[in-house]
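J.: sequence unknown, structure follows:
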């Protein structure tokens, strides 16, 4: 018996079996004639058809499958033609910001790497538009031989690609750098989510419209009220950009760009333009509001701002235990969380349980997908004393997630965008977990 | 220009740009002073902080982000704390059988490999029970040193594992073998779906309770009205079985076993016992109704029935074009679909467009995950004449999906369970697609 076993669960007694079971219910002799038991061999044995039919229990008709009914139990809800919903006992939601510009993924309540579409974060600059897909067109023009427009149905005719990818707002975790008032993993890091996206490579569309040799930049414009617009270098467009129409198997959700959005794997959320209406090909950046006034990164140490800082660098987050939880007592816990990088697959995640003094390797759940959340796990025996737990991601380029102290020394108290410092959670002696700012 | 380009989409004209854009709206000069254009270099250049602030547009306050407002557009829906839903334009549902025992995944409307949880197929024998997770316990007893019971919270304390896996009802596509009246891919093959599942390995739990050396079989029992029960060999239990509490990142859906189900990768759906209440360890199979009267496979040629036929063999399905669709005309189409095997990863999928006379390799979308749906794609130029399209999967064991004729010759007109014959769709000259039974 190891540490795990002595501390989890309760001993079971005979009274826990108060409910009858197939193997010991009153109808057992009817259902399982003794003859049948003797006929059966282990694995892949054959019964005669006659014997099989004898074995069919015929008791009552409570169930839709009459021969499945047990007269001792309560029938459940039958299937109806529907789109299924959660159990009414499940109440986790995206928390919205007071201004209504964001709603955050509750990472502390999630497992694996797929974010349920209903809990994918949202961020928009003038709300979520209501778009009739039958009316929507994607325009492609500018430095092309044949300006074209495509309906959703048209897009689905082209060769397609599916990729499981994170999308992260460049502002994600920026607030966590300076405020322990953000209590939960949702509040500190809720602006990143992972979905399986399906769509058409932009390079395929560029081939269809005949992009000119002088093309160097592509303007991507959304159909939302903010008309969010960004310039994308043609190299990224031709490398791995695609126009997605599906998310986790079905149509993209409204707050994620229904009926289509641009996907630029590994790049900051806003440039993955949602409700994509237009791609205009040009030979220089279009200098939109979102790359001049917004989404530049002020470096307070120098007084200058980074522009076109697209890639999201390596980052990680412990989701359990995390802020605002309470451990019931000392014992075994699996520390788990997610790590991601916009440059390359995650190479390793290290865990510290002493505030960054020492580090140990976490296990990574396979498959480790490039530019997607990667789930890590680390077995831990909490001895009941105060502890600070941290995770540190390294991607396959060798880039190591920095400390807050490093970022402060090199960039000042900002920038809020593209902050990727190590997150620290303090576990107090009473088991309560809180967000702490470790220098 | 290739075949793709000449046939998809419409030429775009100037009038398609009726809506103003950031680059040419009346406020352009305010928003993008000429000075800023000259300052900008391609990629990663620096603006001074002062210049950056000058660039912030300040027009109107329609939007939640005041500086994001465009006075020429309509604000959308702001974020609220919620669990997101589909666009109201999306109406695809699981179709339920009249008896209410099944509801089917609409594969013809899905992309990628993840099935949205709301569209995962359901199959139950006495309806979906409503279970309060706080009251639910998993009992483990029988040939163990320490009979134990575990709450959902307890289970989440143990080391966890996540896997993306298909679950397929053993009856899936059995009806398609004999009835062209099943019109759609949903009707013929809707009893398989893929999710990312997270839970605790049963081997971990076996270690916790101290399983005895004489253990050979494990009874898994559901808490549903049918009290569905199956016997599982200990080798499978110790190999890769797990008790899942999460599906696609969040709690398992009610119709998929909330709050916990057994997962036996690659094995027929019913033995992945939902609403898991009890694991009893024994030294022989428990001979429950579901492995005697039900879920044996009658081989009509011999009059005998296979028992303990757990593994789902290699199968594939073209989801586009598929039954009840209508192609708008000759031209380029991407034939796409899913392939899966309960034994090993998919090695290859071949496509025929001449009713099985000749075959060509389809592309497989990576990552190709073991015991999960694998998405395949095949570029096709339809010349407008009648065609019969088929897909044929081969897994890494070398097993090749058989034809209906082969199965009929070797097993007779049955069995309905574990039927995995090649599916044929006929495309008529008018573009209509229908289910056909090819000998």
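T.: The structure has been received and is ready for your questions. As the structure is a computational prediction, the values presented were derived from the model and not from experiment. Numbers count the residues shown, from 1 in each chain, chains lettered A, B, ... in the order given.

J.: which residues touch the closest residue to residue A:178 other than its chain neighbours?
T.: The shortest distance from residue A:178 to any non-neighbouring residue, by C-beta to C-beta, 6 or more residues apart in numbering or on different chains, is to residue A:413 (6.8 Å). The C-beta positions use only the backbone N, C-alpha and C, and glycine is treated the same way. Going by C-beta atoms under 8 Å, 6 or more residues apart in numbering or on different chains, residue A:413 touches A:177, A:178, A:300.

J.: and the spatially closest residue to residue A:177 that is not a sequence neighbour, how far from residue A:316?
T.: Nearest residue to residue A:177, sequence neighbours excluded (C-beta to C-beta, 6+ apart): residue A:419, at 4.9 Å. Residue A:419 is 13 Å from residue A:316, where distance means C-beta to C-beta, to the nearest Å.

J.: neighbour count: the two, which is higher?
T.: Taking neighbours as other C-beta atoms under 10 Å in any protein chain shown, residue A:419 and residue A:316 compare with residue A:316 leading, 28 against 23.

J.: which of the helices or strands spans that one?
T.: strand A:315-320 (DSSP states H and E).

J.: could you list the residues in contact with that strand?
T.: So strand A:315-320 is contacted by A:107-108, A:110, A:168, A:173, A:185, A:188-189, A:192, A:333-341, A:349, A:351, A:376, A:389-393, A:401, A:420, A:422-423, A:425 (C-beta under 8 Å, 6+ apart).

J.: considering only those, which also neighbour chain B?
T.: A:110, A:333, A:334, A:336 (C-beta under 8 Å from any C-beta of the partner chain).

J.: low pLDDT regions in the stretch 101-250 of chain A?
T.: Within the stretch 101-250 of chain A, no stretch has pLDDT under 70.

J.: residue in it nearest to chain B?
T.: Scanning the stretch 101-250 of chain A for proximity to chain B using C-beta to the nearest C-beta identifies residue A:127 as nearest, at 2.9 Å.

J.: thinking that residue is in contact with residue B:80, fair?
T.: No: at 11.0 Å, residue A:127 and residue B:80 do not qualify as touching, with contact defined as C-beta atoms under 8 Å.

J.: between the two, which one's more packed in?
T.: A direct count of neighbours by other C-beta under 10 Å for residue A:127 and residue B:80 places residue A:127 higher, at 23 against 13.

J.: excluding residues flanking it in the chain, which one is nearest that one?
T.: Going by C-beta to C-beta, 6+ apart, residue A:127 has residue B:76 as its nearest residue, at 2.9 Å.

J.: go on, residue A:199?
T.: residue A:244 is the one closest to residue A:199 (C-beta to C-beta, 6+ apart), at 3.5 Å.

J.: from residue A:433, how far out is the one you found?
T.: In terms of C-beta to C-beta, residue A:244 sits 36 Å off from residue A:433.

J.: between these two, which has more neighbouring residues?
T.: Higher neighbour count among residue A:244 and residue A:433: residue A:244, with 29 against 24, using other C-beta under 10 Å.

J.: my read: the more buried one touches residue A:251, true?
T.: No: at 10.1 Å, residue A:244 and residue A:251 do not qualify as touching, with contact defined as C-beta under 8 Å.

J.: strands of the stretch 101-250 of chain A, residue ranges please.
T.: Secondary structure of the stretch 101-250 of chain A, counting by DSSP state E, counting those that start in this stretch: strands at A:102-104, A:122-123, A:138-142, A:148-150, A:161-168, A:192-201, A:217-222, A:229-233, A:242-247, A:250-251.

J.: could I get those strands as a markdown table with distance to residue B:97?
T.: Putting the strands of the stretch 101-250 of chain A into a markdown table (distance: least, C-beta to C-beta, whole Å) gives the following:
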| stretch | distance to residue B:97 |
| --- | --- |
| strand A:102-104 | 37 |
| strand A:122-123 | 36 |
| strand A:138-142 | 39 |
| strand A:148-150 | 38 |
| strand A:161-168 | 30 |
| strand A:192-201 | 28 |
| strand A:217-222 | 42 |
| strand A:229-233 | 48 |
| strand A:242-247 | 27 |
| strand A:250-251 | 22 |
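
J.: isn't there a strand covering residue A:95?
T.: Yes: counting by DSSP: H, G, I helix; E, B strand; the rest coil, residue A:95 is found in a strand.

J.: ok, residue A:180 - contacts?
T.: By C-beta under 8 Å, 6+ apart, residue A:180 lies in contact with A:434, A:435, A:436, A:437.

J.: number of residues surrounding residue A:90?
T.: 18.

J.: count the residues that sit near the residue nearest to it when sequence neighbours are not counted.
T.: Among residues not flanking residue A:90 along the chain, residue B:251 sits closest, at 5.0 Å (C-beta to C-beta, 6+ apart). As a burial measure, residue B:251 scores 25 neighbours (other C-beta under 10 Å).

J.: and for residue A:150?
T.: Neighbour count of residue A:150, defined by other C-beta under 10 Å: 25.

J.: thought it was touching residue B:11?
T.: No: using C-beta under 8 Å, residue A:150 is not in contact with residue B:11; the gap is 11.0 Å.

J.: Provide the partner residues of residue A:340 in its beta bridges.
T.: residue A:315 (DSSP bridges).

J.: and it, how far from residue A:311?
T.: In terms of C-beta to C-beta, residue A:340 sits 12 Å off from residue A:311.

J.: compare these two (neighbour count), which wins?
T.: Of the pair residue A:340 and residue A:311, residue A:340 is the one with more neighbours under other C-beta under 10 Å, namely 28 against 15.

J.: which parts of chain A are helices?
T.: Applying DSSP state H to chain A gives helices spanning A:3-7, A:28-31, A:34-39, A:49-54, A:152-157, A:185-189, A:202-209, A:234-239, A:404-411.

J.: any idea how far residue A:407 is from chain B?
T.: 18 Å (C-beta to the nearest C-beta, to the nearest Å).

J.: the closest residue to that residue other than its chain neighbours: what's it in contact with?
T.: In this structure, residue A:407 finds its nearest non-sequential neighbour in residue A:421, 5.1 Å apart by C-beta to C-beta, 6+ apart. Listed by C-beta under 8 Å, 6+ apart, the contact set of residue A:421 reads A:173, A:176, A:177, A:401, A:402, A:403, A:404, A:406, A:407.
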